[in-house]
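Visitor: Could you look at this predicted model? Sequence included:
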Amino acid sequence: MAEVLVYVDHVDGAVRKPTLELLTLARRIGEPVAVALGAGADATAAVLAEHGAVKVLTADAPEFTEYLVVPKVDALQAAYEAVSPAAVLVPSSAEGKEIAARLAVRIGSGIITDAVDLEAGDEGPVATQSAFAASFTTKSRVSKGTPVITVKPNSAAVEAAPAAGAVEALAVTFGTLATGTKVTGRTPRESTGRPELTEAAIVVSGGRGVNGAENFGIIEELADSLGAAVGASRAAVDAGWYPHTNQVGQTGKSVSPQLYIASGISGAIQHRAGMQTSKTIVAINKDAEAPIFDLVDYGVVGDLFTVVPQLTAEIKARQS
Amino acid sequence: MSLRIVVCVKYVPDATGDRQFTEDLTVNRDDVDGLLSELDEYAVEQALQISENSDDDVEITVLTVGPEDAKDALRKALSMGADKAVHVEDDDLHGTDVMGTSLVLAKAIEKAGYDLVVTGMASTDGTMGVLPAILAERLGVPQVTLLSEVKVEGGTVTGRRDGDTASEQLEASLPALVSVTDQSGEARYPSFKGIMAAKKKPVESWDLEDLEIEADEVGLEGSWTAVDSAAQRPARTAGTIVKDEGEGGKQLAEFLAGQKFI
Ligand SMILES: Cc1cc2nc3c(=O)[nH]c(=O)nc-3n(C[C@H](O)[C@H](O)[C@H](O)COP(=O)(O)OP(=O)(O)OC[C@H]3O[C@@H](n4cnc5c(N)ncnc54)[C@H](O)[C@@H]3O)c2cc1C
Ligand SMILES: Cc1cc2nc3c(=O)[nH]c(=O)nc-3n(C[C@H](O)[C@H](O)[C@H](O)COP(=O)(O)OP(=O)(O)OC[C@H]3O[C@@H](n4cnc5c(N)ncnc54)[C@H](O)[C@@H]3O)c2cc1C
């Protein structure tokens, strides 16, 4: 069976969920060979094997942290040349997309970004994409070269499928472009203890209606009662009420959870672009005419300052 | 010293309009108003700021690849303050994908001459967000992408990239390619004076021949990707909407419990 390269997104050996989803999708088109780079790469092998990786190619070098993107492209290219895969799959993070894109140019292939589903087809893998703020669904293929496809988080259910997962060291030679962009400083993001926004099963978001950083506490409390991630509209982020890393939408994160709860968010097209593929959508807004209500499965027309705390209290009561 | 900046700007269908695909599964550009991609306004703004903060002689060229109407995007950028424009237009470009577009942009940037290329973080139509990285690869220059802060000084570009797990400080030597996010600072509105001045600024038109690109390297036929179908998502079935009369939170909890979220 054809091999499929899967680029591993991990933090010091802890594999992030979108990679496990990719392994599930990769098995539909071939045998997954995982590529894990950087510190802790070896430590990823066990979980990758458990989810279907027949092989895990690993490499670590200071270049991966000291320079931007290109060293990882050099490594992925080395893996590509070692394996001659039928396709290359990469998680659709900002960095993942850039790595995939540069690899595609180098190997003379087309690229599809932000796939939300993937299946085998007669002429190679067929990717489903969601276009124009999720108002269209398209099916596309790479028609030249080895398909390079980036896949959005929450595009497949994670399935266990134990495989050998033998670790092999990958030999990487860095090219002259690898050291072009130096990373001169790095401030890690503080963990909130909440689930990662793009991976969360439930997202609770607040917008301009939350009216102040201090009021985001009620959004967080609701999120915590559901084990959810917290999101925000750009209006709330621009006002400085919540960090930009939590922004949902076109220029923020794109989320596709089982449940999305929007409070005090009107539902502008750029916000919808980031949440419209959520399975169940709920909104709380005092304006019955707010466009967000066109999307909802359940909407409450009311003041979020009374509805949200009541909801949180009721959830806690039901759980105890 | 002089600094030549090329800003790539895209002409896109208005996101608040009714965007559609045509029969050949390319973007319908005829029935929706087009405009300069809002995210490219940030790129133009940063180029202008780099120019304003520089002791060098700075020349800003805005570049677009697109149909006739795409001139509107160039005009907007010129009225914001860019110095001149290049429009790459050719019937054979219809349906070009990101590999083809980046090929055309790379050749045009090389022909125009540059020390720095500035782009937006993503277009508001294709929304791929990969063109900047591809351009850097094609041009063989450092990519300094997704910056929320950018500075150019003494032949060096520095910036801040706010990533998923960390915020990074980046540094590269010119020539280089920069892409900027919408966190980089509000774009200015063109002044009346700017709009009048823009009318007199030069707009060059180049076609594929000028760039020594063969027709079969671009366009729908030459694409590296193929779209097989595009279907409008069925409208969501109307949801339940209740007015809060004191029990709104509890009713919502009941709905969530029914859906097994609680
Ligand atoms: C290029 C570009 C990119 C963008 N990217 C993004 C993006 O990534 N994400 C994003 O979100 N936006 C984005 N935007 C901005 C977007 O257009 C909207 O401006 C933004 O989403 C509005 O945020 P909002 O819904 O919180 O605020 P508003 O539109 O002001 O809505 C606030 C809502 O809160 C309701 N409300 C007020 N008080 C209460 C209360 N007490 N109880 C209940 N409801 C209340 C109001 O009725 C109103 O509907 C982008 C815009 C552009 C041009
Ligand atoms: C819904 C949709 C999905 C698509 N999916 C794919 C796909 O999966 N694979 C594929 O190969 N193509 C795809 N395309 C085509 C692709 O978007 C275009 O070929 C495009 O010109 C490059 O992509 P982008 O604008 O999305 O680039 P992005 O990477 O999103 O744009 C980044 C920046 O590049 C610059 N730029 C982009 N295009 C131009 C231009 N024409 N002129 C000047 N500057 C420009 C701008 O500065 C912009 O801010 C898709 C198009 C649409 C509408």
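Guide: Structure received. Ligands and ions are numbered 1, 2, ... in the order given.
Visitor: Now do the strands in the stretch 101-250 of chain B.
Guide: B:116-120, B:143-153, B:156-162, B:166-173, B:176-180, B:203-206, B:225-232, B:240-243 (DSSP state E, counting those that start in this stretch).
Visitor: quick one: stretch B:60-75 to chain centroid distance?
Guide: The chain centre lies 11 Å from the centre of stretch B:60-75; the measure is C-alpha atoms, centre = their mean, to the nearest Å.
Visitor: same thing with stretch B:78-93?
Guide: That offset, for stretch B:78-93, works out to 13 Å (C-alpha atoms, centre = their mean).
Visitor: Let's see the distance spanning that stretch from one end to the other.
Guide: The first residue of stretch B:78-93 is 24 Å away from its last residue (C-alpha to C-alpha, to the nearest Å).
Visitor: Just the helices from chain B, written as ranges.
Guide: Counting by DSSP state H, one finds helices in chain B at the ranges B:38-52, B:71-80, B:98-112, B:131-139, B:192-198, B:219-222, B:248-258.
Visitor: Buried deepest among those helices, which one?
Guide: helix B:131-139 (a mean of 25; mean count of other C-beta atoms under 10 Å in any protein chain shown). Quick note: C-beta positions are derived from backbone N, CA and C, even for glycine.
Visitor: now the angle between strand B:143-153 and that helix, please.
Guide: Taking axes from the mean of the first three to the mean of the last three C-alpha atoms, to 10 degrees, helix B:131-139 and strand B:143-153 form an angle of 90 degrees between their directions.
Visitor: outside of helix B:131-139, which residues touch it?
Guide: With contact meaning C-beta atoms under 8 Å, 6 or more residues apart in numbering or on different chains, helix B:131-139 is reached by A:69, A:73, A:97-98, A:101-102, A:104-106, A:177, B:8, B:98-99, B:101-103, B:105-106, B:109-110, B:117, B:119, B:121, B:123, B:142-143, B:145, B:175-179.
Visitor: Select, out of the strands of the stretch 101-250 of chain B, the one closest to A:I269.
Guide: strand B:225-232 (15.5 Å; C-beta to C-beta).
Visitor: and the strand or helix carrying A:E81, anywhere near chain B?
Guide: For A:E81, the host element (DSSP states H and E) is helix A:70-83. Yes - for helix A:70-83, a contact with chain B is found by C-beta under 8 Å from any C-beta of the partner chain, at A:70, A:73.
Visitor: for that helix, which positions count as buried?
Guide: Neighbour-count burial for helix A:70-83 flags A:70-80, A:82-83 (criterion: 16 or more other C-beta atoms under 10 Å in any protein chain shown).
Visitor: next one: stretch B:48-67
Guide: Residues B:48-51, B:56, B:58-67 are the ones in stretch B:48-67 that count as buried (16+ other C-beta under 10 Å).
Visitor: Filter the residues you listed down to just the ones in strands.
Guide: The members of the buried residues of stretch B:48-67 that map onto strands under DSSP state E are B:58-65.
Visitor: follow-up on the earlier one: and for the helix holding A:E81, what's in contact with it?
Guide: Contacts for helix A:70-83 (C-beta under 8 Å, 6+ apart): A:3, A:5, A:7, A:33, A:35, A:37, A:57, A:59, A:61, A:63-64, A:88, A:95, A:99, A:102-103, A:106-107, A:146, A:170-175, A:177-181, B:137, B:143.
Visitor: would you turn the helices of chain B into CSV with distance to ligand 2 and mean pLDDT?
Guide: Shown next, in CSV, are those (distance: least, C-beta to the nearest ligand atom, whole Å; pLDDT from 0 to 100):
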stretch, distance to ligand 2, mean pLDDT
helix B:38-52, 5, 98
helix B:71-80, 8, 98
helix B:98-112, 4, 98
helix B:131-139, 3, 98
helix B:192-198, 18, 97
helix B:219-222, 11, 94
helix B:248-258, 33, 98
